[in-house]
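1. Can you look at this prediction? I've put the sequence above it.
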Amino acid sequence: MAAEKWVYMVTAQTSPNIAVINYWGKRDEVRILPVNDSISVTLDPDHLCTVTTVAVSPAFDSDRMWLNGKEISLSGIRYQNCLREIQGRAGEVKDKERGIKIEKKDWEKLHLHIASYNNFPTAAGLASSAAGFACLVFSLAKLMNVDEDASHLSAIARQGSGSACRSLFGGFVKWRMGSKEDGSDSVAVQLADEKHWNDLVIIIAVVSSRQKETSSTSGMRKSVETSSLLQHRAKEVVPKRILQMEEAIKNRDFASFTQLSCADSNQYHAVCLDTSPPIFYMNDNSHMIISLVEKWNLSEGAPQVAYTFDAGPNAVLIARNRKVAVQLLQGLLYYFPPKSDTDMKSYVVGDMSILKEAGLDGENSVENLQPPPEIKDSIGSQDQKGEVNYFICTKPGRGPVLLPDQTQALLDPETGLPK
Amino acid sequence: MAAEKWVYMVTAQTPTNIAVIKYWGKRDEVRILPVNDSISVTLDPDHLCTVTTVAVSPSFDRDRMWLNGKEISLSGSRYQNCLREIRGRGGEVEDKEKGIKIEKKDWEKLHLHIASHNNFPTAAGLASSAAGFACLVFSLAKLMNVDEDASHLSAIARQGSGSACRSLFGGFVKWEMGSKEDGSDSVAVQLADEKHWNDLVIIIAVVSSRQKETSSTSGMRESVETSLLLQNRAKEVVPKRILQMEEAIKNRDFASFTQLSCADSNQFHAVCLDTSPPIFYMNDTSHRIISLVEKWNRSEGTPQVAYTFDAGPNAVLIARNRKVAVQLLQGLLYYFPPKSDTDMKSYVVGDKSILKEAGLDGENSVENLQPPPEIKDNIGSQDQKGEVSYFICTKPGRGPVVLPDQTQALLDPETGLPK
């Protein structure tokens, strides 16, 4: 057979997820097994997503990967673990039209080209590795015709990045900590799909950060080693919260959902503070946003907005419905107006239709905002220009999908190199 | 007997104190009994103190009090409890010169005038109620010839403000939580006097705060009610730390002292964050100071400076010796220079001799500061003008004393009214 030059490729899309009951601390650093369960909401890939194209060809002489256009090394243990686990489960692939046939045993000799792209900046601290590893594993599973369900695939994605396992599903997802040493039962399962609670609107405030953040991986390891409160959280507090959160999601009980999300976000950050040296992910802007939301919820009698913060100062705010989201956005823009020459369309991104509903699509619309009545004068200085880089408006979203359209592929179908 | 007009008075001075193992949470709100022991350092009253003059006269028709020149009400239960407890222990007083004789039974019928003055602003968040109630109780005990030792008096001061009990002693003090319901064994005891470890130098950074702080009283009550980590801290963590801290103080083991102080400060703030709604006492400036100290300690191999934060953003920094304190001050002034037209002598108060040792008493001396080599470029933006209102340089200090000099009395010896 002449040197074969066919390139066989698949493109897939996943989205990041936001934990509402948080993962912080591993019991096994190598297999990435956590000290407690966690629950998350998958975001809408229309607004925040990772797209990955994976290609295989006998003409490729080494595994190569490009992330956001830049070639990166695949030698790290996390990539190696994912690749090995997926390859070990590869099946037979046939493309009769193009005359391609790959046997199970061929996969270990063939090399891969991988190109991945996030439509949100890494600097935004929006957990790009979760979406990234989920996309890698999902797309490779499709490429290699792996006969495993999403939960089994999640156990592989987990070995790339813990929270990546939760991005193998849409809607509300639980990562079960598992109890086996080999981690085969440490998998993600879907609690409810993205249509289950589709009143919810999510607004993310991407907050300016002066400091380089402590990475999640090293941060949680230090917490496990030095926080005397972490084990109590993992053993006593989280298990109860997991059950309560599952109930809240099932019943669309927004009050409970809020109470649990906020309490768990704060407790996770409390454990970070209880670490040596202490880890501060939230900053004064984050605190001000929390203050705004807490006061508003209190003044309304029933919670309107839940908040949660990951390993960075960004606020993820979940509004009970569209009307509340519009009011929330108005309140946020009152306290965090854009700098003078900022185009609103780059200050509020994602689902931009909310700008019109909030009356914020006209000239000078921000200057005309009234302070939210319940919290007027309670928060402190109104003018925090530049403290929020921008806002993203989104909602709970679907799980991974294949993108069959060739124009969306990131690799050239002839060369297998980035377009 | 003609209407007696004599005025009998006593003036006393007490220090304030800073907890290194923290009190946060009561098991009894009325008697002010804590959920765990605490340990503090008493600060030098030459720099931070409360002075109180208490006077008694048959011509006074009711109890009255003036705080920092302003008349305040004594009707609150905390004042009432202290007054009742002290009056109940009043002894016989005789001043033969002035022809005054007060029998034990007379105290309940006589009225008091009380004037108190803090030499540091209340807005500085430096726990003025601790020094205040300690001074009230101490001066009344002297006035009324109460035959009780300082620990017994501390149980009375405790009922005014929990941490006031620790200001009844100088040096290093422990507040034993006690186990009795009536609180008679919830008292302060001295671990070591102020001379025991007199290498230590304390620098307090009074940090600008935009927000009105949550009061300790309501904050700790909310923590007891809502933090799921607090009981674990109180039952499991603090008892061990108390023993370790007692050892560290006894042996002048600065490394352990530092590790325990910093960890306990952070854990106290972690519990505040774990409260609903969350309480944020530290702000970005506080975090920057912690960062500075943590990095320096690590670069030196062995801790040089311990930090602790109370219910506010102020940093209390404890340097192992004078040389380290000078370097610390230089580092702090590099990162937190005064606003342009600030006189250094009002930017660094207390023991101002440190300015000269730090080479900071001349013109433009702050501009000439070099960044501390170990942490250059690691902390972020150098210029934080105005973030620190001022610094106080002090050290561990003595306990309460009577001030025999009439010129220091705050009440007029004839009228018993504020001078």
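-> Perfect, thanks for sending it. Residues are numbered from 1 along each chain as shown, chains lettered A, B, ... in the order given.

2. and the residue of the stretch 101-250 of chain A found nearest chain B, helix, strand or coil?
-> Shortest the stretch 101-250 of chain A-to-chain B distance, computed as C-beta to the nearest C-beta: residue-wise this is A:H232, at 4.3 Å. Using the backbone N, CA and C atoms, a C-beta is placed for each residue, glycine as well. Following DSSP: H, G, I helix; E, B strand; the rest coil, the label given to A:H232 is helix.

3. Check the gap between the nearest residue to it once chain neighbours are set aside and A:T415 for me.
-> The spatially closest residue to A:H232, leaving aside those adjacent along the chain, is B:N232, at 4.3 Å (C-beta to C-beta, 6 or more residues apart in numbering or on different chains). According to C-beta to C-beta, to the nearest Å, B:N232 and A:T415 sit 59 Å apart.

4. between these two, which one's more packed in?
-> Each of B:N232 and A:T415 has its neighbours counted (other C-beta atoms under 10 Å in any protein chain shown); B:N232 has more, 19 against 14.

5. mind listing what A:M9 touches?
-> For A:M9, the contacting residues are A:53-56, A:143, A:409, A:411, A:413, A:416, taking C-beta atoms under 8 Å, 6 or more residues apart in numbering or on different chains as the criterion.

6. Which strand residues bridge it?
-> With DSSP bridges applied, the residues forming beta bridges to A:M9 are A:A55.

7. Distance-wise, check it relative to A:M65.
-> Per C-beta to C-beta, A:M9 is found 14 Å from A:M65.

8. got it, and A:A157?
-> Applying C-beta to C-beta, one obtains 16 Å for the distance of A:A157 from A:M65.

9. So which of the two has more stuff around it?
-> Per other C-beta under 10 Å, whichever of A:A157 and A:M65 has more neighbours is A:A157, with 33 against 19.

10. I figured the more buried one was touching A:S163, is that so?
-> No. Using C-beta atoms under 8 Å, A:A157 and A:S163 do not qualify as a contacting pair, with a distance of 9.3 Å.

11. show me the contacts for the residue nearest to A:H232.
-> B:N232 makes contacts with A:229, A:232, A:236, as judged by C-beta under 8 Å, 6+ apart.

12. neighbours around the first one, how many?
-> Using other C-beta under 10 Å, A:L229 is surrounded by 26 other residues.

13. residues in contact with it?
-> Shown here is A:L229, whose contacts under the criterion C-beta under 8 Å, 6+ apart are A:270-271, A:274, B:229, B:232-233, B:237, B:267, B:270.

14. just the angle between the longest helix anywhere in chain A and helix B:254-273, please?
-> When chain A is parsed with DSSP state H, its longest helix is helix A:254-273. Between helix A:254-273 and helix B:254-273, the angle comes out at 170 degrees (axes from the mean of the first three to the mean of the last three C-alpha atoms, to 10 degrees).

15. Does whatever helix or strand comes next after helix A:254-273 reach chain B?
-> Per DSSP states H and E, helix A:254-273 leads on to helix A:284-300 as the next helix or strand towards the C-terminus. Yes. Figure legend: helix A:284-300 in contact with chain B (C-beta under 8 Å from any C-beta of the partner chain); contacting residues A:284, A:287, A:290, A:294, A:298.

16. Give me the buried subset of those residues.
-> Buried members of the residues of helix A:284-300 next to chain B, counted by 16 or more other C-beta atoms under 10 Å in any protein chain shown: A:284, A:287, A:290, A:294.

17. Redo these as CSV? Include pLDDT and distance to A:E367.
-> Below are these laid out as CSV (pLDDT from 0 to 100; distance: C-beta to C-beta, whole Å):
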residue, pLDDT, distance to A:E367
A:D284, 90, 24
A:H287, 93, 26
A:I290, 96, 26
A:E294, 95, 27
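
18. got CSV for the residues you listed, with distance to A:A90 too?
-> Below are those laid out as CSV (distance: C-beta to C-beta, whole Å):
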residue, distance to A:A90
A:D284, 50
A:H287, 49
A:I290, 47
A:E294, 51
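
19. Tell me the one of those residues nearest A:L48?
-> Nearest to A:L48 among these: A:I290, at 22.2 Å, using C-beta to C-beta.

20. Which of the three states applies to A:S40?
-> A:S40 ends up strand, using three-state DSSP.

21. For chain A, which element, helix or strand, carries the lowest mean pLDDT?
-> The helix or strand of chain A with the lowest confidence, counting by mean pLDDT, DSSP states H and E, is helix A:344-347 at a mean of 89.

22. Tell me which residues of it come out buried.
-> Neighbour counts using 16+ other C-beta under 10 Å place A:344, A:347 of helix A:344-347 among the buried residues.

23. Pull it out as CSV, backbone CA atoms only.
-> C-alpha atoms of helix A:344-347 as CSV (Å, rounded to 0.1, in the frame of the first residue of the first chain):
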residue,chain,number,x,y,z
MET,A,344,-22.2,48.4,25.5
LYS,A,345,-22.1,45.5,23.1
SER,A,346,-18.6,44.6,24.3
TYR,A,347,-19.5,45.3,28.0
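
24. Pairing partners for the helix or strand following that helix, with directions?
-> From helix A:344-347 onward toward the C-terminus, using DSSP H and E, the following helix or strand is strand A:348-350. Sheet pairing for strand A:348-350, assigned by DSSP bridges, gives strand A:388-394 (parallel).

25. angle of the strand it pairs with against helix A:284-300?
-> Relative orientation of strand A:388-394 with respect to helix A:284-300: 50 degrees, computed using the same axes, to 10 degrees.

26. Quick one: distance of strand A:388-394 to the chain centre.
-> Average the C-alpha atoms of strand A:388-394, do the same for its chain, and the two points are 15 Å apart (C-alpha atoms, centre = their mean, to the nearest Å).

27. How about residues contacting that strand?
-> A:43-44, A:46-48, A:120, A:124, A:201-208, A:285, A:325, A:329, A:332-333, A:336, A:346-352, A:354.

28. Take those residues and keep only those in strands.
-> The strands in this structure, assigned by DSSP state E, contain A:201-207, A:348-350 from the contacts of strand A:388-394.

29. Tell me where the model's unsure across chain A.
-> Judged against pLDDT under 70, the low-scoring parts of chain A cover residues A:1-3, A:123-125, A:209-212, A:363, A:373-386.

30. What parts of it come near chain B?
-> Those residues of chain A that sit near chain B, judged by C-beta under 8 Å from any C-beta, are A:210-211, A:228-229, A:232-233, A:236-237, A:259, A:262-263, A:266-267, A:269-271, A:273-278, A:280, A:283-284, A:287, A:290, A:294, A:298, A:380-381.

31. again, only this time at 6 Å
-> Taking C-beta under 6 Å from any C-beta of the partner chain, the part of chain A that reaches chain B is made up of A:210-211, A:228-229, A:232, A:237, A:263, A:266-267, A:269-270, A:273-274, A:276-278, A:280, A:283-284, A:287, A:294, A:380.

32. Which entries within these meet the buried criterion?
-> Neighbour-count burial (16+ other C-beta under 10 Å) applied to the residues of chain A next to chain B gives A:211, A:228-229, A:232, A:237, A:263, A:266-267, A:269-270, A:273-274, A:276-278, A:280, A:283-284, A:287, A:294.
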